[in-house]
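Peer 1: Attaching a predicted model along with its sequence, questions to come.
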Amino acid sequence: MNGKQPYEVPTEMREFAERSVEQARKAFDGFIGAAQKAVDSAHGSAESARANTQEATRKAIAYAESNVAAAFDFAQKLVQSKDLAEVMQHQSDFLKSQVASFQNQLKDLGAAAQDAAAKAAETVSKATKGR
């Protein structure tokens, strides 16, 4: 070379740069880890929502089946009624049973909705605490 000493990076600067790179690497790894957890959590939430929706659909079908069966039973009783008083009694019994059934169905669906909301909140809470 032309008699000049080659430039050397001072040790302190090199150490500082190495620490900075290491900190940036750790920060990036943390970011990637949080992103992966978020994706896993979203998948878990979607799976949970799908399962809750599937369960609600099953319940709705079961309720519909029960209500239709009750309506057919009622129609059968009406056809077999001997007089107007018996028709009125069947009508009254049917309405009472359907109102009770409807109340139970609403209560059950309400409990299922609360359970689903609690599970969703728990999933979100776990996802945000993991960050």
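Peer 2: Good, I have the coordinates. Numbers count the residues shown, from 1 in each chain.
Peer 1: Low-confidence bits of this structure, can you list those?
Peer 2: Within the chain, the ranges that satisfy pLDDT under 70 run 1-7, 9, 39-46, 127, 130-131.
Peer 1: In space, not sequence, find me the middle residue of it.
Peer 2: Among the residues of the chain, the one closest to the centroid is residue 49, at 3.1 Å (Cα atoms, centre = their mean).
Peer 1: Can you tell me how far that one is from residue 124?
Peer 2: From residue 49 across to residue 124, the span is 12 Å (Cβ to Cβ, to the nearest Å). To be clear about C-beta, it is placed using only N, CA and C from the backbone, and glycine gets the same treatment.
Peer 1: How about residue 63?
Peer 2: Distance check for residue 63 against residue 124: by Cβ to Cβ, it reads 29 Å.
Peer 1: Comparing these two, which shows the higher neighbour count?
Peer 2: residue 63 (17 against 12; other Cβ atoms under 10 Å).
Peer 1: any idea how far that one is from residue 54?
Peer 2: For residue 63, the distance to residue 54 - Cβ to Cβ - is 15 Å.
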